[in-house]
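Student: Following is a predicted model, sequence given first.
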Amino acid sequence: MQKQVEQFLKQRGMYYADMDLSVECQKFIEEMKQGLNGEACTLDMLPTYLSVANKIDTNTPALVIDAGGTNFRVGCVTFDDAMQPQVSNFSKTQMPGIARELSKKDFFGKMVDLTKKVAETTEQIGFCFSYPTEIDKDKDGTLLRWTKEVKAPEVVGERIGENLVAGLKEVDGKDRGVVILNDTVATLLGGKGITSHRKFDGYIGFIFGTGTNACYIEEIQNIAKITDAKESTMIINMESGAYGKLPRGAVDEAFDAKTANPGDYQFEKMVSGRYLGPLLLDLLQVAAKEGLFSEGCNKALLVLGSCGLIDLNTFMCNPHDRSNIIAKCVKVETDCTFLYEIIDAMIERAAKACAITLSSIIIKTNTGLDSARPVGIIGEGTTFYKLKDFKEKLDYYMKAFLVKEHGRHYEFIKGEDLNLIGTAIAALSNK
């Protein structure tokens, strides 16, 4: 069965073993360099103008906003004298623009409504805005494009912080400072904050949830496209989900064509939580059309209207639980095994693809050479931690390629509320 699955995926250009880590990392690193130089490529490599070295104000509240792929979270964060974060007035709602299309006025009006109560307590705002945004030296950001199926086209090209601050000022007349950053950058800052007692040879923020992205600390001398930086290093938001040089198969391309932004964020559509479920359903239905399963299973798969990653993950955790919508398609035991093997192979492809991203960063920055001072990789995202065997597969490829072949060392770091903590650190240390 494994041979049949291998042949099926190979014929469609979607077999994980056909990705050569060395070749793909070289391609990825070249894209990183081009992005840093301001040349046309598929990695934005966005400067953040944020440093990891500035002092954090203590006993000062910050309004913290986290606009993610699914949720919109608001809270107040204060660091005490021992640098322990205190979170209060926390709330969570759906991200504006997910349920229906919003105008610019309605989009920012909704944000003001959701934040104005907490904003009464502070004049410092940290806004974790998890979409491709060009940050300027004032630490505000202009939205480049929406991802994750958010529908608010009039907001593209707008300065996010400026519009929010103006809306809040209409409510209470106060002037406020705002720092815009990506969720990946917030994760890096939060992870660095909780590991201040350790020595790491660099940090990577890595998101693998609804979407995927990575950020890291780069030397200013290597960022040719900017000339107005004050610090010697800067966090770079890579927008790695947009990477477009990874080999894709016919099903990848057909699936991409059906999304809201065809051609964009090819990497993210191959691996991330929002897309992996429906992509896999398309793949399984291709297999069903070719008669890979039993006749009854083929028919059941072809009429399956939708399938999320949660459904697939539930099946992988217990493939014999017939209450699951995938398991319900099973008619004979070989169906169950074929389904399991195909889904497992695609999870493996996602893990290997992410290993390419992380390994490329470490090799490019020439870090992690000392096993006692590894690179800290701060991982965040439900998919990262809960997708069956994903983290273990990722770790396998990184150890086989990065550690054994290149002598580079890393360590995964996990923490609670890192987005909120990192966003507060940005607001209270980068005024």
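Tutor: Nice, thanks for sending it over. Numbering: from 1, shown residues only.

Student: switch to C-alpha atoms for all contacts and neighbour counts from now on
Tutor: Fine.

Student: Which residues belonging to the strand or helix carrying D113 are considered buried?
Tutor: Following DSSP states H and E, one finds D113 within helix 104-119. Across helix 104-119, burial judged by 16 or more other CA atoms under 10 Å covers 104, 107-108, 110-112, 114-116, 118-119.

Student: now stretch 166-184
Tutor: Quick answer for stretch 166-184 (16+ other CA under 10 Å): 166-168, 176-184.

Student: What mean pLDDT does whatever helix or strand M234 lives in get?
Tutor: Using DSSP H and E, M234 sits in strand 233-237. Average pLDDT, strand 233-237: 94.

Student: packing partners for that strand?
Tutor: For strand 233-237, the packing partners by 3 or more CA pairs under 8 Å, 6 or more residues apart in numbering; DSSP states H and E come out as strand 46-47, helix 183-194, strand 212-219.

Student: Kindly recompute the last result at 7 Å.
Tutor: strand 46-47, strand 212-219 (3 or more CA pairs under 7 Å, 6 or more residues apart in numbering; DSSP states H and E).

Student: Quick check: neighbours of the shortest one in the sheet, parallel or antiparallel?
Tutor: Strand 46-47 pairs in its sheet with strand 233-237 (antiparallel), by DSSP bridges.

Student: what does the strand it pairs with contact?
Tutor: Strand 233-237 is touched from outside by 45-51, 185, 214-220, with contacts defined as CA atoms under 7 Å, 6 or more residues apart in numbering.

Student: buried ones in stretch 46-65?
Tutor: Buried-residue list, stretch 46-65, by 16+ other CA under 10 Å: 46-52, 56-58, 60-65.

Student: Sort out which of those are in strands and list them.
Tutor: Secondary structure from DSSP state E places 46-47, 62-65 of the buried residues of stretch 46-65 in strands.

Student: could the residues you listed be laid out in a markdown table, adding pLDDT and distance to G249?
Tutor: Formatted as a markdown table, these follow (pLDDT from 0 to 100; distance: CA to CA, whole Å):
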| residue | pLDDT | distance to G249 |
| --- | --- | --- |
| L46 | 91 | 29 |
| P47 | 92 | 32 |
| A62 | 94 | 46 |
| L63 | 94 | 44 |
| V64 | 95 | 41 |
| I65 | 95 | 38 |
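
Student: Quick one: those as TSV, columns for distance to E39 too.
Tutor: Output for these, formatted as TSV (distance: CA to CA, whole Å):
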residue	distance to E39
L46	12
P47	14
A62	37
L63	36
V64	34
I65	32
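
Student: closest to D344 among the residues you listed?
Tutor: L46 (33.5 Å; CA to CA).

Student: who's in contact with the closest one?
Tutor: By CA under 7 Å, 6+ apart, the neighbours of L46 are 134, 236-238.

Student: now it: how far from E239?
Tutor: 8 Å (CA to CA, to the nearest Å).

Student: and what of G13?
Tutor: In terms of CA to CA, G13 sits 24 Å off from E239.

Student: neighbour-wise, which of those two wins?
Tutor: E239 (24 against 17; other CA atoms under 10 Å).

Student: and the angle for the strand holding M234 with helix 183-194?
Tutor: Counting by axes from the mean of the first three to the mean of the last three CA atoms, to 10 degrees, strand 233-237 lies at 140 degrees to helix 183-194.

Student: follow-up on the earlier one: minimum distance to T70: which of the helices and strands packed on strand 233-237 has it?
Tutor: strand 212-219 (13.1 Å).

Student: all strands in the stretch 151-300 of the chain, in order from the N-terminus.
Tutor: For the stretch 151-300 of the chain, applying DSSP state E, counting those that start in this stretch gives strands covering 177-181, 203-208, 212-219, 233-237.
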